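> test case, fold it:
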Amino acid sequence: MSHSEHILLVEDDSGLRELLQEELEAEGFVVTACADAESGLAALQTDIPDLLISDLRLPGADGLSLLPAIARLTPQPSVLIITAFGSVQQAVESLKAGADDFLTKPLEMDHFLLTVTRLMANRRLRNEVQHYRSILGVEQFNGIIGQSPAMQQLFHQIRQIASADGPVLIQGESGTGKELVARALHEQSARKDRPYMVVNCGGIPSELMESEFFGHAAGAFTGARTQRAGLFQQADGGTLLLDELGEMPLALQAKLLRALQDGRVRPVGSDHEMQLDVRVIGATNRNLTEAVADGSFREDLFYRLETFGLQIPPLRARGDDIQRLAEFFLARFNARQGRAIKGFSDDSLAVLLRYSFPGNVRELQNAVERAATFCDSPLVELRHLPQRIREQPKKSAQNLATVEIATSALPSTDAPEGLPNLETIQRQYIHQVLNATSGNKRKAADILGITRRTLYRWLE
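Predicted structure coming up:
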């Protein structure tokens, strides 16, 4: 694995410093290691890291002395404070001073690496939002680009839901921007100045998941030498995004349901519960209705999470947003690579607007970056686009012809009393579209311009 992300590690214990550097480099990070705050400050003048990991107690000055220098940097690194003298008060002081997280020694390496990975993911998302804002300015909503009616409706729903406290379920195809929508919900809410935590439910080993969510008491399991606050405790007063929610094991789903119902969590190995105030947002590209039907997702948890449901429209349903996003990604590429590509030729833009983008915004971003990389002219030409996009119009035309042939089979008559009613035509057309797509309900719903949930309801 190769992250090519830079970590500045400041730790006076040479043994621990070498161990952490070795573990981080094994994960693919580039690590600069320092033994004291003075050399750490000197390193910050040379290169801006993506993450600062610093011991709280250092020779000469403590780790908190690095935070003012971090605050002046652009882009601003994330900060993880570690110490052998941990206390709640020190944790609070570190977080107030600008740290993103706080761990106590002796470190449990799995949790340490998970924390680093999460902080890096949060930073990438934060930088992505800043890029959106800096390039498109007013044409964004909390970092989300979209002027189409479908996105304006989504923004309206976000504003309404943000003021509530109940859990939210965000559903949408892969690449539609579910994390950006979750961040917008947090930023629009009264919790915006409180913690915002993100966890990928598909990226945590099952044996660590309960501890990662709810924390654990000292001695709860082998290697748990100290107590540790879980994500729910760290997000107290704020928002917790459970990304890839559909990958959560059934056993943990039951405990999550209880936490949602009464706001109480019990750390692993503890006899005591704690009352917390956390707004939970779940995000998934899985069809949870189908997951409930096949028994891989709890029905009661699904209905609890769907208190406020948001469905993100696929890119193909967003009209001119495709052009807006393509121009945004091209502008960002120009800024990063020092290029001056002026835009898209008429034929390349027309092909982008006709393409179905099964990978949604993420696929468009990758396609524009590839095209711009190989662009050798003032404009992105058709020849610069990926082959699958250049060939897509032919496939789309064939699919449209199939639907048109199916539609032509509807009964017709010149006699008014022989004309079918609208319900009959709708029912026949739905079945003809399903036949044309060989029963593929996802494709059928896309052609009909409805969600799969609506299609299932109509079929019932």
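> can you tell me how far Pro167 is from Leu242?
Distance of Pro167 to Leu242, given as Cβ to Cβ, to the nearest Å: 9 Å. Every C-beta, even on glycine, is put in place using the N, C-alpha and C of the backbone.
> and Asp346, by the same measure?
From Asp346 to Leu242 the distance is 44 Å (Cβ to Cβ).
> then Phe141?
Per Cβ to Cβ, Phe141 is found 23 Å from Leu242.
> give me the more crowded residue out of those two.
Applying other Cβ atoms under 10 Å to Phe141 and Leu242 shows that Leu242 carries more neighbours, namely 26 against 22.
> thought Phe102 was touching Ala91?
Yes. Between Phe102 and Ala91 there is a contact under Cβ atoms under 8 Å: 4.3 Å.
> hang on, Leu310 in a helix?
No. Leu310 sits outside any helix when classified using DSSP: H, G, I helix; E, B strand; the rest coil, being strand.
> that one: what's it in contact with?
154, 157-158, 161, 168-171, 181 (Cβ atoms under 8 Å, 6 or more residues apart in numbering).
> by neighbours, which of the residues you listed wins?
Result: Ile170 is most packed of the contacts of Leu310 (other Cβ under 10 Å), 28 neighbours.
> for this protein, which spans come out with low pLDDT?
1-3, 85-88, 128-139, 219-225, 392-420, 451-454, 456-457, 460 (pLDDT under 70).
> tell me which element the residue nearest the centre of it is part of?
The chain has Glu179 as the residue nearest its centroid, 3.0 Å off, counting by Cα atoms, centre = their mean. Taking DSSP states H and E as the definition, Glu179 sits inside helix 178-187.
> counting by contacts, list what that helix packs against.
Contact partners of helix 178-187 among helices and strands, from 3 or more Cβ pairs under 8 Å, 6 or more residues apart in numbering; DSSP states H and E: helix 109-136, strand 144-145, helix 149-162, strand 168-171, strand 196-200, strand 239-243, strand 279-284.
> in that helix, which residues are buried?
For helix 178-187, a neighbour-count test (16 or more other Cβ atoms under 10 Å) marks 178-187 as buried.
> equivalent analysis for stretch 433-452, please.
Quick answer for stretch 433-452 (16+ other Cβ under 10 Å): 433-434, 436-437, 441, 443-448, 451-452.
> next one: stretch 350-364
351-352, 355-361, 363-364.
> re the thing from before, need the residues touching each of Pro167 and Leu242.
280-282.
> which helix or which strand is home to the closest residue to Leu103 other than its chain neighbours?
The shortest distance from Leu103 to any residue other than its chain neighbours is 4.9 Å, reached at Ile82 (Cβ to Cβ, 6 or more residues apart in numbering). Here Ile82 sits within strand 78-83, counting by DSSP H and E.
> list the neighbouring strands of that strand plus their orientation.
Strand pairing for strand 78-83, determined by DSSP bridges: strand 51-55 (parallel), strand 101-104 (parallel).
> among those, which is nearest Ala371?
Set against Ala371 and scored by Cβ to Cβ, these come closest in strand 51-55, at 31.9 Å.
> give the buried residues for that closest one.
For strand 51-55, using 16+ other Cβ under 10 Å, the buried residues are 51-55.
> okay, now the residue nearest to the residue nearest to the centre of the chain when sequence neighbours are not counted: neighbour count?
Once flanking residues are discounted, Glu179 sits nearest to Leu125: 5.7 Å by Cβ to Cβ, 6+ apart. For Leu125, the neighbour count with other Cβ under 10 Å is 18.
> just checking, Leu125 touches Arg183?
Yes. Between Leu125 and Arg183 there is a contact under Cβ under 8 Å: 6.7 Å.
> which residues does Leu95 contact?
Phe102.
> confirm that it sits in a helix.
Yes. Secondary structure of Leu95 (three-state DSSP): part of a helix.
> got the strands paired with strand 78-83 as JSON lines, with distance to Leu19 columns?
As requested, those are exported to JSON lines (distance: least, Cβ to Cβ, whole Å):
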{"stretch": "strand 51-55", "distance to Leu19": "12"}
{"stretch": "strand 101-104", "distance to Leu19": "14"}
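> closest one to Arg316 among these?
Once the strands paired with strand 78-83 are compared by Cβ to Cβ, strand 51-55 is nearest, at 36.8 Å.
> so what touches that closest one?
So strand 51-55 is in contact with 5-13, 20, 37, 40, 44, 63, 66, 70, 77-83, 116, 119-120, 123, going by Cβ under 8 Å, 6+ apart.
> mind checking which of the residues you listed are buried?
The neighbour count (16+ other Cβ under 10 Å) marks 5, 7-12, 20, 37, 40, 44, 63, 66, 70, 77-83, 116, 119-120, 123 as buried among the contacts of strand 51-55.
> for Glu327, state which of the shared contacts of Pro167 and Leu242 is nearest.
Ile281 (29.7 Å).
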